[in-house]
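In: Provided below for reference: sequence and predicted model.
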Amino acid sequence: MKGYLILEDGTTFEGKLHGEIKRTFGEVVFNTSMTGYQEILTDPSYYGQIAVLTYPLIGNYGIDNSVNQSKSIKVRGLVVSEFNNYVDESDSNSYSLNEFLLNNHITCISDIDTRHLTKIIREKGVINGLIISSLSSMPTLIKDIKEYENIKPVYKISTKNIYKLKPKGQSLKRVGVLDFGIKKNILDSLLARGIELIIFPADTDFETINSYKIDGVFLSNGPGDPKELINIIETVKKIIDHYPTFGICLGHQLIALALECNTKKMKFGHRGANQPVKDIFNNRVYITAQNHGYVVEENTIDLDKITITHINVNDNTVEGISHKFKPVFSVQYHPEASPGPKDSDYLFDSFLKLLLKKEA
Ligand SMILES: NC(=O)CC[C@H](N)C(=O)O
């Protein structure tokens, strides 16, 4: 079925619709990864956004639920060039991208010149867009924008209840995880290091977290603008005063805000699996997976108490910080990299070392 992607500036693309056909509005962002469409679709940090995948063929290795990063598709819409409905007939668990979209009530538009679209986003910055089946039914875009203005997505996708996860082998340490939309592979990466996890809803107060016997805290990735999370920033201030703390992506931004740095929205963000990041201590560059639209402003970092540990080689933005006097560190990128390179896996080992060191 024919459909349209209309950007806020009026640019209109014609394509074909897949999945559940419904009017879909959101911030249009692009991801340059060559693989991992399923992990991107289920990454909660994309909640509410329309993802443009620049790799020209999507769906070509089917869907396998075991790689999902959360229980359902979190992007609000999908834009691709060539849409493929492959099913691996030799694998009874394999099914098609179209079925995956249908099960999750998500719309996709294909046959879009994603290269052209990405150039527009790079030039103008991230832009709102609408996927629609008929131009005659197009509402005013302004009205749509208001529809979504006040959403704080973190609260929508965080766990509603506290739950525990145990590693397969011996538990070496126990960590409290604040779930802002955590990716499964982060939980798996912590568990794989013998870290037992108590996962808390995003709005859990410090006193509740502190009433559990934990050795450290992990602050997860998640969608939206970190500065909107005023109560959470206050909780993070208390957490970093009391516990060894590790934060990834949104968690990193919240640690920075708790330390009185500022964050700002980037023009078009970093989303892909080959972002080069320099580790300033060992002077090495790691290839990293990323998905963020906000960044910590370098000139707001108090260098008397915070060290900048990593920078992005492409645009020199801050990619990691650590506290000079407290066992607290964070990175803007995704060391658990699902999908993406495993170069930065060592950061989970660093966190475990920090937890063990505290004991010594
Ligand atoms: N992956 C994330 O945690 C993203 C963090 C934040 N929502 C951003 O876009 O910058």
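Out: Received the coordinates, thanks. Numbering: from 1, shown residues only.

In: what's the neighbour count on the residue lying closest to residue 289 once chain neighbours are set aside?
Out: Of all residues not flanking residue 289 in the chain, residue 340 sits nearest, at 2.9 Å (CB to CB, 6 or more residues apart in numbering). Quick note: C-beta positions are derived from backbone N, CA and C, even for glycine. Per other CB atoms under 10 Å, the neighbour tally for residue 340 reads 26.

In: Go ahead and confirm residue 340 touches residue 34.
Out: No - under the criterion of CB atoms under 8 Å, residue 340 makes no contact with residue 34, lying 9.9 Å away.

In: where do the contact lists of those two overlap?
Out: By CB atoms under 8 Å, 6 or more residues apart in numbering, residue 340 and residue 34 have these common neighbours: residue 273.

In: Could you pull up the contacting residues of the residue nearest to residue 289?
Out: By CB under 8 Å, 6+ apart, the contact set of residue 340 is 33, 36, 273, 274, 287, 288, 289, 334.

In: Just give me the closest of these to the ligand.
Out: Distances from the ligand to the contacts of residue 340, taken as CB to the nearest ligand atom, are shortest for residue 334 (6.8 Å).

In: Can you give me the neighbour number for that closest one?
Out: Residues within reach of residue 334, counting by other CB under 10 Å, total 26.

In: who's it bridged to?
Out: Assessed by DSSP bridges, residue 334 has beta-bridge partners residue 289.

In: and it, what does it touch?
Out: 183, 186, 221, 248, 249, 288, 289, 290, 291, 340.

In: Show only the entries of those residues found in helices.
Out: Cross-referencing the contacts of residue 334 against helices under DSSP state H gives residue 186.

In: can you pull out the helices in this structure?
Out: 37-41, 97-103, 114-124, 141-148, 153-157, 184-191, 206-210, 230-242, 250-258, 346-359.

In: Ok, which of those comes nearest the ligand?
Out: With CB to the nearest ligand atom as the criterion, the ligand lies closest to helix 250-258 of the helices of the chain, at 3.6 Å.

In: Dump the C-alpha coordinates for the closest one into PDB.
Out: Extracted as PDB, the C-alpha positions of helix 250-258 are listed here (Å, rounded to 0.1, in the frame of the first residue of the first chain):
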ATOM      1  CA  LEU A 250      21.200   8.600  29.700                       C
ATOM      2  CA  GLY A 251      22.800   7.400  33.000                       C
ATOM      3  CA  HIS A 252      26.000   9.300  32.000                       C
ATOM      4  CA  GLN A 253      24.100  12.500  31.300                       C
ATOM      5  CA  LEU A 254      22.300  12.200  34.600                       C
ATOM      6  CA  ILE A 255      25.600  11.800  36.500                       C
ATOM      7  CA  ALA A 256      26.900  14.900  34.700                       C
ATOM      8  CA  LEU A 257      23.800  16.900  35.600                       C
ATOM      9  CA  ALA A 258      24.000  15.700  39.200                       C
END
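
In: That one and the ligand, are they touching?
Out: Yes - using CB under 6 Å from any ligand atom, helix 250-258 reaches the ligand at residue 250.

In: ok so, going back, quick one: buried ones out of the contacts of residue 334?
Out: In the contacts of residue 334, burial by neighbour count holds for 183, 186, 221, 248, 249, 288, 289, 290, 291, 340, counting by 16 or more other CB atoms under 10 Å.

In: Thought residue 336 was touching the first one, still the case?
Out: By that I understand residue 183. Yes - between residue 183 and residue 336 a contact is recorded at 6.5 Å, counting by CB under 8 Å.

In: Get me the contact residues on this structure for the ligand.
Out: Counting by CB under 6 Å from any ligand atom, the residues of the chain that sit close to the ligand are 45, 221, 222, 223, 224, 249, 250, 291, 292, 293, 294.

In: Recalculate using a threshold of 8 Å.
Out: The chain has residues 43, 45, 180-181, 220-226, 248-253, 263, 266, 269, 290-295, 332, 334 near the ligand, with proximity defined as CB under 8 Å from any ligand atom.

In: re the thing from before, mean pLDDT for the helices of the chain: which is lowest?
Out: Ranked by mean pLDDT, these end with helix 141-148 at the bottom, a mean of 55.

In: Kindly state the domain boundaries assigned to this structure.
Out: Listed domain ranges for the chain are 2-150, 154-359 (source: automatic domain parsing).

In: gap between the first one and the chain center?
Out: Chain-centre distance of domain 2-150: 16 Å, with CA atoms, centre = their mean, to the nearest Å.

In: Give me the buried positions along stretch 234-251.
Out: Buried residues in stretch 234-251 (16+ other CB under 10 Å): 235-237, 239-240, 243-251.

In: Name the nearest of those residues relative to residue 216.
Out: Using CB to CB, residue 244 comes nearest to residue 216 of the buried residues of stretch 234-251, at 4.0 Å.

In: That closest one touches residue 322, doesn't it?
Out: No - between residue 244 and residue 322 there is no contact under CB under 8 Å: 11.3 Å.

In: So, low pLDDT: which residues of the chain?
Out: 137-151, 358-360 (pLDDT under 70).

In: So for it, the centremost residue is which one?
Out: residue 45 (3.3 Å; CA atoms, centre = their mean).

In: In contact with the residue of the stretch 1-150 of the chain found nearest the ligand, which residues?
Out: The ligand sits closest to residue 45 of the stretch 1-150 of the chain, with a gap of 3.3 Å, by CB to the nearest ligand atom. By CB under 8 Å, 6+ apart, residue 45 lies in contact with 74, 181, 183, 221, 222, 223, 249, 250, 291, 292.
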